[in-house]
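Chemist: Kindly return the folded structure for what I paste below:
(one chain, ligands or ions: 1)
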Amino acid sequence: MLLGIERAVIEDVRVELETIVVSVRPKAREKHRCGVCGRRCPREDCGEGRRRWRALDLGTTFAYLEADAPRVYCKHHRVVVAAVPWARHDSRFTIAFEDQCCWLAVNTSKKAVAELMRVTWRTVGSICERVAEEQVAQRDLLAGLKRVGIDDFSHRKGQRYLTVVVDHDSGRLVWAAPGRDRKTVEKFLDLLGKERCAQLELVSCDMAESIALAVAERCPNAIRCVDPFHVIQLATDALDEIRREVWNQARRAGHKQAAKELKGARFVLWKNAHRLTERQHRKLAQIQQTNKPLYRAYLISQQLREIYRVSFDEAILLLDAWLAWARRCRLAPFVKLAKTITKQRPGIEAAIRHGLSNARIEQVNTQLRLITRRAYGFRTPQALIALAMLTLGGLCPPLPE
Ligand SMILES: [Zn+2]
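Modeler: Residues are numbered from 1 along each chain as shown. Alright, predicted model coming up:
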């Protein structure tokens, strides 16, 4: 009971040095089952003999389960180590131990999990992988999808990419895989299957062709929307380009103080105007006085956010006005952005018409980036995906009872 073991017979309990070792065996009904599929199979051999599984600590004392680990012959999986009721296949930890690890990985700091559970962060990564894989297999996360967002983001300084799929209705992450090309998106569409592809009503993504083409081909009924998040991101990038330019000019001209202030202004300019603190407002007022082009760029980028805050009809009027303004603003990055937005206009308008909330998309994106940072130290991108699915896919197991 203390160790949370069920469907097993306890044979012996002994204390070895600082640890408690409990000898167990599966109940007769649980014996000789394939470790992969759980079917009853004939016994093959004794495998590598006795094996230990780390269980939840008893107070501060380490606890282990010990049992035979015979191998069985499964028609489908050949020779495999027999399943045990207290642990997942191929794991050296009990189910309760792994569930608790995952719960902590999702809900607490990296340091807390590793120190409390007395395992390395890498091990936490492989535990997350195992548990997420099991949870994904048990549920159908792709059932009933109607409105999804497909996005990619880099998880290692602009080198490696993940493609993620978010359900717009529940806000949950439903699928993720390494890569960001058309093939990766097609893997998702394959998994979804023809019928469910046809049921997709709306697919939102960035402005890249790779996703758009695959979706256009495979999802005949889906309207393609451009994620508001990416539109705003482009405006932020254009603004930043101008800030950097102005900063470089100031630096070259020897205006040390001005250059320093501009560098510090970065976050003020990036931030949503509705969320500025009083000090940030003052900083902005200062930019308005001393740096006209930068302030103009700021206003243009903020104005673009407005189109996602008003009704559809108003948004169309605002977008027209915005485009006219941006085209004539004599700030090269925004002139270029106006061109991009004109080209992508149908997708941008569709997002507004169908009420894609940018707040939610941005939130998932921010969370993914935080998880990516936490996953640093994991061995594989699969472990990162697992942690993301546990956290944002609603797959995290409850704490063991
Ligand atoms: Zn099997």
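Chemist: Name the nearest residue to the closest residue to the ion within the stretch 251-400 of the chain, ignoring sequence neighbours.
Modeler: With Cβ to the ion as the measure, Gln382 is the residue of the stretch 251-400 of the chain nearest to the ion, at 22.3 Å. In this view, the C-beta of every residue, glycine as well, is placed from N, C-alpha and C. Residue nearest to Gln382 in three dimensions, not counting chain neighbours: Glu129, with 5.5 Å by Cβ to Cβ, 6 or more residues apart in numbering.
Chemist: picking up where we left off before, name the helices or strands packed onto the helix or strand containing the residue of the stretch 251-400 of the chain closest to the ion?
Modeler: Using DSSP states H and E, Gln382 maps to helix 381-392. Here helix 381-392 touches helix 95-107, helix 121-138, strand 160-167, strand 173-178, helix 358-374, going by 3 or more Cβ pairs under 8 Å, 6 or more residues apart in numbering; DSSP states H and E.
Chemist: Would you mind getting the angle between the third one and strand 173-178?
Modeler: By that I understand strand 160-167. Strand 160-167 runs at 160 degrees relative to strand 173-178, counting by axes from the mean of the first three to the mean of the last three Cα atoms, to 10 degrees.
Chemist: my read: Tyr308 touches Leu318, true?
Modeler: No - in this structure, Tyr308 is not within contact of Leu318 by Cβ atoms under 8 Å, at 9.8 Å.
Chemist: Scan the protein for its longest helix.
Modeler: The residue-count maximum for a helix in the chain (DSSP state H) belongs to helix 228-252.
Chemist: Next SSE downstream of it?
Modeler: Scanning onward from helix 228-252 (DSSP H and E), the first element met is helix 256-264.
Chemist: how far does that following helix sit from the chain's center?
Modeler: How far helix 256-264 lies from its chain's middle: 36 Å, per Cα atoms, centre = their mean, to the nearest Å.
Chemist: In terms of secondary structure, what does that helix contact?
Modeler: helix 228-252, helix 278-290.
Chemist: Pick the most deeply packed of the ones you listed.
Modeler: helix 228-252 (a mean of 18; mean count of other Cβ atoms under 10 Å).
Chemist: hmm, who's touching that helix?
Modeler: Where contact means Cβ atoms under 8 Å, 6 or more residues apart in numbering, the residues beyond helix 228-252 that reach it are 206-207, 258-259, 262-263, 265-266, 269-270, 291, 293-294, 297-298, 300-301, 304-305, 308, 331, 333-334, 336-337, 340-341, 344, 348, 351, 356, 358, 361-362, 365.
Chemist: Sort out which of these are buried, if you could.
Modeler: Using 16 or more other Cβ atoms under 10 Å as the burial test, these include 206-207, 258-259, 262, 265, 269, 291, 294, 297-298, 300-301, 304-305, 308, 331, 333-334, 337, 341, 344, 348, 351, 356, 358, 361-362, 365 as buried.
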